[in-house]
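K.L.:
Here is my input; please provide its structure:
(chains A and B)
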Amino acid sequence: MSTLNIAGLRVEVAGKEVLKGFDLTMASGEVHVIMGPNGSGKSTLAHAIAGHPGYRVLAGSVTIDGVELLDLSPTERTRHGLFLALQHPMEVPGVRPRDLLVAAGASPEGLTERMTLEAQRVELRPEVLERFVNVDLSGGERKRAEMVQLAILQPKFAMLDEIDSGLDVDALGAVARRLREATAQWNCGVLAITHFRRLLNELIPTKIHVVSEGRVVATGGPELAEVLEKDGYEPFRGATT
Amino acid sequence: MTTFTESALTFLDARRDAPSRAQAWDAFSTLGLPTTVDEVWRYAPLKELNLEEFPLAPRGELPIFSPFATALASRAGLVLHVVDGFLRGVRGAIDGVRVEATEAHWSPRYESDAFAQLNCALTPATISVSVADGVHAAPPIVIVNTTTTGASFPQTLITLGRSSQASVVEYLEGGMAALVVPLTEYVIGDDASLTMSTYQRLDATAWHIARSTGRLGRDARLSQAVISIGAHYNRSRNDAEFLGTGGENELRTTFLGSHDQVHDFRTRQYHVAPRTRSTLLSKGAVADRSRSVYTGLIEIEKGAKRTDARQTNHNLLLSPHAHADSVPNLDIRENDVMCAHASSVGPLDELQRWYLESRGVSRPDAERLMIQGFFYEMLATLPRNLADVVEADLSATLGQVEIVTP
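P.N.:
Residues are numbered from 1 along each chain as shown, chains lettered A, B, ... in the order given. Below you'll find the model as predicted:
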């Protein structure tokens, strides 16, 4: 059992403070969903934790089982059990997915077979993984390819940034099903960032956190989604927990 | 020690019955070696080149293949072993493909090129590979070009008959303290298609001054890759002449510079006939104190209507002391054409690197994967069964290059 703890995280993007003291704690096997309007700081959270060069952490702490991730390089953060699936996974011309995974620490033995199997589980044509990383893939294919990486690397915690955007209903179902299975298969903790409620139909959350203006303003169970559905984000604006 | 001139005169004396050799030698004697004042040689460290230190390489003992050459050869249908320009062995056979050594060839296109004139005067023979009309030579043809020492002038002619197809891989190795001046022509008949890959892996002390010309007939296709790793000074000029309607040339040139290497690439796509197409992609990486220059000329004659000519040049800087230049030139005498060129010089993409790191790849591994990837993209012309060995060889070499990111 592992714990991911985010405390008082403040992050600046292009000179502007976007996260203003973000707190969240979750355990392995749980599914947490972060919801909030555009510009509330959801994506900033994911990128800052993963060490994206465009984001500057001003204060706060992100730990897995007490190890401070913010003191580590992006590589070491991932190797400590944190994986970010991006909203727009980047094309890396000339690099093959298999070579990426081996360099990321996956065992080469039987890797191609495991990748093929994982591709099939998210309904991705396996031959796509023989090409270069994300090159010429559609948005939906890229997200499924991120799921293959996730399943091979089996992190303690998976952060998914807007995993549902640009996916059709079938693809969304396949991705959500894979995430549910991950929670059972290796007790993966899932932290999904979205501003669409439809993901929640597929991925039953342990907790929902509503984010507004760089902070968590409400936390609750799946019932919180119904409040959001009925009244939108307006009632949460400027509120504090 | 014998000087270059002494050895050349002895060589020519034994070949007095070949007038084109004497003609080429006279032309060279008149031209003399170029200097950096000459625009087309301005990036070459010619001051360091003392021709007299390179006596002509004689036909000597037969060197054995390196393990890499052996690996390439084992995957080919037909293997030519060329040593210092001498055809020393032919292994295997493909129906409809003929290999022979013929008397050296000369062309007026080499008039002002001193090194090409030297080649025409001093090459042991023209090594000719010809594919008969209509023949599809499926297994790859491999030419292992071994250089020993001194000066050598390999000359190669690859001829494709009408509607024929072939894939040729040429590999250059050896060449410690040598001067290698290869001269190559690809004559591609109507509706024929040649896939040509050259992998230059000469010793880091070698001078390599190469020139190739593709002559394309109607609807002919030349898909060409030139991958250069070795040599102290690597000059690679690759031209294409579009003589028939509908010809197409896809050229990929790539290099890795390290230490104080100079890579000097030139291309000339000469569009004479209408509806011809040239696509040129040049990509290279320079590390340490190495330098590169890419000079690309697109020349379109009046009447070559609907020519489509594109040039792209990307250079990767792997050290603050490395330098890359890109010089595109257009000479267009026809209005109804499509021409484009683009170039970039810079370090590795920071966000791509972060993406790999965020998967758990270490920074050095991420950089190596990206640089390796930069080259893998250029190997598209290699037959699949040969690409694997070339990739493995390239990544071993890249593993030795120091990457200094700003």
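K.L.:
so where does the closest residue to chain B within chain A fall, helix or strand?
P.N.:
Proximity of chain A to chain B (C-beta to the nearest C-beta) peaks at A:Gly94, 2.3 Å away. Just so you know, the C-beta spots here come from the backbone N, C-alpha and C atoms, and that holds for glycine as well. For A:Gly94, there is no helix or strand it lies in under DSSP states H and E.
K.L.:
How about it, nearest residue that isn't a chain neighbour?
P.N.:
B:Gly373 (2.3 Å; C-beta to C-beta, 6 or more residues apart in numbering or on different chains).
K.L.:
Enumerate every residue touching B:Thr110.
P.N.:
Check again: residue B:110 is Tyr, not Thr. The contact partners of B:Tyr110, by C-beta atoms under 8 Å, 6 or more residues apart in numbering or on different chains, come to B:Ala24, B:Ala116, B:Gln117, B:Cys120, B:Leu183.
K.L.:
ok, 7 Å please
P.N.:
B:Ala116, B:Gln117, B:Cys120 (C-beta atoms under 7 Å, 6 or more residues apart in numbering or on different chains).
K.L.:
Show me which residues of chain B sit near chain A.
P.N.:
B:350-352, B:354-363, B:365, B:369-370, B:372-374, B:376-377 (C-beta under 7 Å from any C-beta of the partner chain).
K.L.:
all helices of the chain, in order?
P.N.:
Using chain A. Listed in chain order, the helices of chain A (DSSP state H) span A:42-49, A:74-79, A:97-103, A:111-121, A:139-153, A:169-185, A:199-202, A:223-231.
K.L.:
sorry, should have said chain B
P.N.:
B:4-13, B:19-31, B:67-73, B:114-122, B:350-357, B:363-376, B:384-398.
K.L.:
which secondary structure elements does the helix or strand bottoming out on mean pLDDT in chain A contact?
P.N.:
Lowest mean confidence among the helices and strands of chain A (mean pLDDT, DSSP states H and E): helix A:199-202, at a mean of 80. Judged by 3 or more C-beta pairs under 7 Å, 6 or more residues apart in numbering or on different chains; DSSP states H and E, helix A:199-202 is in contact with helix A:169-185.
K.L.:
Tell me which residues of stretch A:199-216 come out buried.
P.N.:
A:199-200, A:202-203, A:205-216 (16 or more other C-beta atoms under 10 Å in any protein chain shown).
K.L.:
what's next to that stretch, contact-wise?
P.N.:
Identification of contacts with stretch A:199-216 by C-beta under 7 Å, 6+ apart yields A:18-24, A:30-36, A:40-42, A:164, A:172-173, A:176, A:179-180, A:192, A:217-222, A:224-225, A:233, A:236-237, A:241.
K.L.:
Same check on stretch B:366-384?
P.N.:
For stretch B:366-384, contacts defined as C-beta under 7 Å, 6+ apart pick out A:92-95, A:99-100, A:103, A:132, B:140, B:167, B:169, B:195, B:197, B:223-225, B:227, B:252, B:254, B:283, B:285, B:316, B:348, B:352-353, B:356-357, B:361, B:387, B:390-391, B:394-395, B:398-399, B:403.
K.L.:
In the stretch 101-250 of chain B, where is pLDDT below threshold?
P.N.:
When residues are selected by pLDDT under 70, none of them lie in the stretch 101-250 of chain B.
K.L.:
For chain A, what's the nearest residue on it?
P.N.:
B:Ile227 (13.5 Å).
K.L.:
my guess is that residue meets B:Arg252, correct?
P.N.:
No - in this structure B:Ile227 lies outside contact range of B:Arg252 using C-beta atoms under 7 Å: 8.4 Å.
K.L.:
Those two: which has the busier surroundings?
P.N.:
B:Ile227 (24 against 21; other C-beta atoms under 10 Å in any protein chain shown).
K.L.:
before we move on, the earlier item: if I look at the residue of chain A closest to chain B, how far off is B:Leu348?
P.N.:
Applying C-beta to C-beta, to the nearest Å, the value for A:Gly94 to B:Leu348 is 12 Å.
K.L.:
repeat for A:Glu130
P.N.:
Counting by C-beta to C-beta - A:Glu130 and B:Leu348 are separated by 24 Å.
K.L.:
Near chain B, which residues of chain A are found?
P.N.:
A:50-53, A:73-75, A:78-79, A:84, A:90, A:92-95, A:99-100, A:103-105, A:132, A:149, A:153.
K.L.:
For the closest residue to chain A within the stretch 201-350 of chain B, list the residues it contacts.
P.N.:
When distances are taken as C-beta to the nearest C-beta, the stretch 201-350 of chain B reaches nearest to chain A at B:Glu350, 5.7 Å away. The contact partners of B:Glu350, by C-beta under 7 Å, 6+ apart, come to A:Pro53.
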